[in-house]
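> Structure here, sequence nowhere to be found:
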């Protein structure tokens with residue numbers, strides 16, 4: 001067995017029915033988690049899910065596995081991923097389990113975990129779970145079996161928590177807001193959060209049927225939300241993803257505002273109020289324009305590897321509070337323990353109200369650089385990214401950009417491609433550079449392999 005036979009950077013994910021995402025494996029996974037936890041006083045674990053059809057099946061499998069190991073289960077039903085992190089803490093559970101494939105379509109699903117502190121599981125715990133999964137399945141005595149209960153007030157608890165992350169006197173009265181729930185786990189949460197704060201809310205994609213999660217909606221496809229903002233003369237549009245940990249916004253003119261811009265808005269406001277607490281964490285794919293805008297504020301900016309797990313790790317290492325990704329995964333560690341689309345949107349809305357500004361006004365001092373991404377198909381992405389001739393070509397292109405852009409080579413973690421990304425001031429030039437570099441790397445590959 002390899003170091004990580006099942007776990008990726010954020011739990012386990014795959015196509016439903018595949019070898020890494022099927023009822024038999026999930027049953028064993030629940031049992032293994034229960035065995036690791038069931039040492040000492042009786043433990044309880046929370047289980048929440050998004051709205052995809054396979055969630056029913058995997059919820060039952062996890063429940064059975066945990067019960068067989070002697071662990072009690074609290075079922076939350078459809079709830080956003082960050083809500084499960086929060087409730088794991090407040091209900092004093094030993095762990096929280098999320099059944100979700102985040103922004104993927106319904107054919108996929110996944111399992112991810114939170115510790116009792118509402119944080120991602122440490123590597124040692126994941127490795128211990130994988131090791132336990134190699135052992136024969138054994139059921140505890142009937143007198144020790146775990147019980148299952150349902151937490152009926154979970155949505156209300158989380159709604160109140162979200163509202164508590166902005167100043168108590170903040171009112172969204174007078175704001176018309178379009179909220180796209182991606183037919184996902186926020187469908188019965190997000191509209192109520194913004195409505196209870198006084199906004200006039202137009203809700204979209206809030207009728208999940210098990211199959212329509214993230215389909216032509218949500219943060220990965222915000223076009224319908226953007227059009228609704230224009231049609232309804234709304235002040236702002238909010239597109240969440242299927243499990244509620246990502247958000248993309250639209251201003252009143254229909255211009256999309258991505259995670260880099262949202263991160264800048266939050267950072268600038270906190271720096272102006274003297275509560276930024278350190279610097280800002282982005283990723284290798286964060287736009288160079290974000291880095292320039294943050295540094296122009298006199299604030300330190302560092303890049304983590306791609307993935308919210310690495311953003312969180314870097315924030316903790318530096319004892320900083322905010323970070324995020326262009327995809328809209330924003331982390332505000334002074335508000336919660338993980339990325340949260342609703343809470344990130346609330347921070348922006350509170351800034352708009354306090355400063356009496358439109359969303360477009362808050363993005364004026366950040367200019368995103370044009371980017372060109374080429375996915376170079378190859379079975380040797382890692383070797384190419386480390387080859388000296390490839391690195392020399394990258395250095396030459398970096399020199400040509402004259403500190404007004406970047407070159408990023410990133411082997412994909414999910415498919416056989418090397419991602420070649422170039423960004424700079426001129427869109428046509430950036431596209432030409434990316435294509436030229438990709439051709440040069442292809443030529444080097446022919447000699448190497």
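Done, it's in. Everything numeric here is computed off the predicted structure, so don't read it as measured data.
> Okay, helices next: where are they in the stretch 151-300 of the chain?
Ranges of helices in the stretch 151-300 of the chain, per DSSP state H, counting those that start in this stretch, are 154-163, 190-196, 223-232, 259-273, 288-296.
> Output those in JSON lines; the columns should cover distance to residue 442 and mean pLDDT.
Just so you know, the C-beta spots here come from the backbone N, C-alpha and C atoms, and that holds for glycine as well. Converted to JSON lines, the helices of the stretch 151-300 of the chain look like this (distance: least, CB to CB, whole Å; pLDDT from 0 to 100):
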{"stretch": "helix 154-163", "distance to residue 442": "48", "mean pLDDT": "98"}
{"stretch": "helix 190-196", "distance to residue 442": "45", "mean pLDDT": "98"}
{"stretch": "helix 223-232", "distance to residue 442": "33", "mean pLDDT": "98"}
{"stretch": "helix 259-273", "distance to residue 442": "30", "mean pLDDT": "98"}
{"stretch": "helix 288-296", "distance to residue 442": "25", "mean pLDDT": "96"}
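> For residue 5, find the nearest of these.
helix 259-273 (31.3 Å; CB to CB).
> which parts of the closest one are buried?
259-271 (16 or more other CB atoms under 10 Å).
> now do stretch 398-415
Buried residues in stretch 398-415, counted by 16+ other CB under 10 Å: 401, 405, 406, 407, 408, 409, 410, 411.
> would you turn the residues you listed into TSV with distance to residue 237?
Below are these laid out as TSV (distance: CB to CB, whole Å):
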residue	distance to residue 237
401	34
405	30
406	29
407	33
408	29
409	34
410	30
411	34
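> Among those residues, which are located in strands?
406, 407, 408, 409, 410, 411 (DSSP state E).
> So the second one versus residue 325, what's the distance?
For residue 407, the distance to residue 325 equals 19 Å [CB to CB, to the nearest Å].
> Then the fourth one?
Applying CB to CB, one obtains 18 Å for the distance of residue 409 from residue 325.
> coming back round to it: out of the helices of the stretch 151-300 of the chain, which comes closest to residue 57?
Closest to residue 57 of the helices of the stretch 151-300 of the chain is helix 154-163 (CB to CB; 20.7 Å).
> where does this structure dip in pLDDT?
1-3, 39-40, 413-414 (pLDDT under 70).
> ok, longest helix in it?
Under DSSP state H, the helix in the chain containing the largest number of residues is helix 427-448.
> got a list of contacts for that helix?
With contact meaning CB atoms under 8 Å, 6 or more residues apart in numbering, helix 427-448 is reached by 369-374, 376, 378, 380, 383-384, 387, 389-390, 393-394, 397, 400-401, 405, 407, 418, 420-424.
> So among these, which ones count as buried?
Buried residues within these, counting neighbours by 16+ other CB under 10 Å: 369-372, 374, 376, 378, 384, 387, 390, 393-394, 397, 401, 405, 407, 418, 420-424.
> can you tell me which of these are in helices?
Those of these lying in helices (DSSP H): 384, 390, 393, 394, 397, 401.
> Run a quick neighbour tally on residue 24.
10 (other CB atoms under 10 Å).
> Over to the one 10 residues further on?
Around residue 34 sit 27 other residues, with neighbours defined as other CB under 10 Å.
> do you know how far the closest residue to it other than its chain neighbours is from residue 91?
Spatial nearest neighbour of residue 34, excluding adjacent residues (CB to CB, 6 or more residues apart in numbering): residue 69 at 2.7 Å. Distance, residue 69 to residue 91, using CB to CB: 19 Å.
> what about those two, which has more around it?
Neighbour totals were compared for residue 69 and residue 91, and residue 69 leads with 26 against 16 (other CB under 10 Å).
> Residue 42 is in contact with the more buried one, correct?
No - proximity of residue 69 to residue 42 does not meet the contact threshold set by CB atoms under 8 Å, at 11.4 Å.
> For the residue in the chain sticking out farthest from the centre, grab phi and psi.
If you look at how far each residue of the chain sits from its centre, by CA atoms, centre = their mean, the farthest one is residue 143, at 40.1 Å. When read as degrees, to the nearest 10, the backbone of residue 143 gives phi -70, psi -10.
> ok, it - contacts?
Applying CB under 8 Å, 6+ apart to residue 143 gives no contacts.
> Ok, the one 3 residues further on next?
For residue 146, the contacting residues are 34, 66, 67, 68, 69, 70, 71, 72, 73, taking CB under 8 Å, 6+ apart as the criterion.
> what about 10 Å?
30, 34, 38, 42-45, 63-73, 140 (CB atoms under 10 Å, 6 or more residues apart in numbering).
> Just the residues you listed: which are in strands?
44, 45, 72, 73.
> Restricted to buried residues, select those residues in ChimeraX.
Selection of the buried residues among the ones in strands among the contacts of residue 146 in ChimeraX, burial being defined by 16+ other CB under 10 Å:
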select :44,45,72,73
